[in-house]
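Participant: Fold the following.
(one chain, ligands or ions: 1)
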Amino acid sequence: MHQSIAHGIAKVYPESHHGICIYHLEQNLKRRKVKSEVIKLFQSAARVYMRKEFDLYMSDIAKVDKKTFDFLMEEPPERMMDFIQVKLQRWFYERRNEAEGTFSDVSCWVEEELKKKIDLAFTLNVFPVNSWRSRVEEEVITFLVDLNKRTCDCFQFQFDELPCIHAIAAIEKRNIKKSNFCSDWYLKESWLKTYERQIHPVGHTDSWIVPESVKSQIIKPPDFKVPPDYYLDFQKFRTFQKNMS
Ligand SMILES: [Zn+2]
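Facilitator: Down below sits the predicted model:
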């Protein structure tokens with residue numbers, strides 16, 4: 001991974017780990033000429049919040065296309081370093097500029113997300129239970145929002161770490177800043193830190209200056225094969241060791 005990316009991610013998101021990118025997995029499915037019905041099921045499975053819903057979509061995929069289901073269960077992360085580097089180089093530049101020009105406490109994306117939800121949030125009925133908890137009614141369903149724990153019965157508040165419409169309704173009722181209930185990851189400060197470094201192009205391989213000490217190293221893939229009589233030999237060795245001592 002490019003040093004600046006690794007540095008940025010490790011510094012700002014210390015608990016992050018690498019996962020398989022939904023976008024590229026979807027591209028792989030399209031390349032495999034998977035039916036659009038399966039793509040739609042995949043998109044739904046990738047974006048739901050509850051495990052139960054995810055399993056349901058996956059079992060639907062298995063019913064429609066068992067081969068693709070097996071593929072999805074086994075798909076290894078791809079090598080996409082060139083693509084990632086070019087893309088991130090542009091993103092870093094654009095987002096750093098955007099972050100520097102923002103005056104709110106949160107990133108532009110978060111600001112937009114919160115704005116999108118606000119009209120709907122104002123239509124909900126809010127009944128405060130105590131200083132932190134509220135009962136929020138959306139049509140016939142009631143959601144319990146806990147602003148202190150940052151949770152809601154719809155799960156979006158705790159999973160996205162951004163207020164859901166129910167949480168926004170509860171926050172507005174108390175006249176508090178919504179940015180206080182967004183994860184630190186979404187704050188302008190984290191946004192700036194993430195993109196503070198530059199991604200430099202690595203250039204053509206012909207222009208690389210590779211030290212002799214690196215060039216001379218021959219890297220072979222590790223040999224994972226365990227000889228069939230390995231454990232037997234190991235036991236013999238231990239017996240031999242015991243007899244000698
Ligand atoms: Zn909610």
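Participant: how about stretch 39-58: buried residues?
Facilitator: Along stretch 39-58, these residues count as buried under the neighbour rule (16 or more other Cβ atoms under 10 Å): Leu41, Phe42, Ala45, Tyr57, Met58. All C-beta atoms are positioned from the backbone trio N, CA, C, and that covers glycine.
Participant: and what of stretch 205-216?
Facilitator: Of the residues in stretch 205-216, none count as buried by neighbour count, 16+ other Cβ under 10 Å.
Participant: just to revisit the earlier point, could you list which of the buried residues of stretch 39-58 belong to helices?
Facilitator: Leu41, Phe42, Ala45, Tyr57, Met58 (DSSP state H).
Participant: can you list those in a markdown table and add distance to the ion and pLDDT?
Facilitator: Output for those, formatted as a markdown table (distance: Cβ to the ion, whole Å; pLDDT from 0 to 100):
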| residue | distance to the ion | pLDDT |
| --- | --- | --- |
| Leu41 | 25 | 92 |
| Phe42 | 25 | 89 |
| Ala45 | 21 | 87 |
| Tyr57 | 21 | 91 |
| Met58 | 24 | 90 |
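Participant: closest to Gln158 among those residues?
Facilitator: Nearest to Gln158, judged by Cβ to Cβ, of these is Ala45 at 19.9 Å.
Participant: Name the nearest residue to the closest one, sequence neighbours excluded.
Facilitator: Counting by Cβ to Cβ, 6 or more residues apart in numbering, Tyr57 is the residue found nearest to Ala45 once chain neighbours are left out, at 3.6 Å.
Participant: My read is that the one you found contacts Val48, right?
Facilitator: Yes. Contact between Tyr57 and Val48 holds when scored by Cβ atoms under 8 Å: they sit 6.8 Å apart.
Participant: Please enumerate residues in contact with stretch 100-112?
Facilitator: With contacts defined as Cβ atoms under 8 Å, 6 or more residues apart in numbering, stretch 100-112 is touched by Glu98, Ala99, Leu114, Leu162, Lys177, Ser179, Cys182, Tyr186, Leu187, Lys188, Trp191, Leu192.
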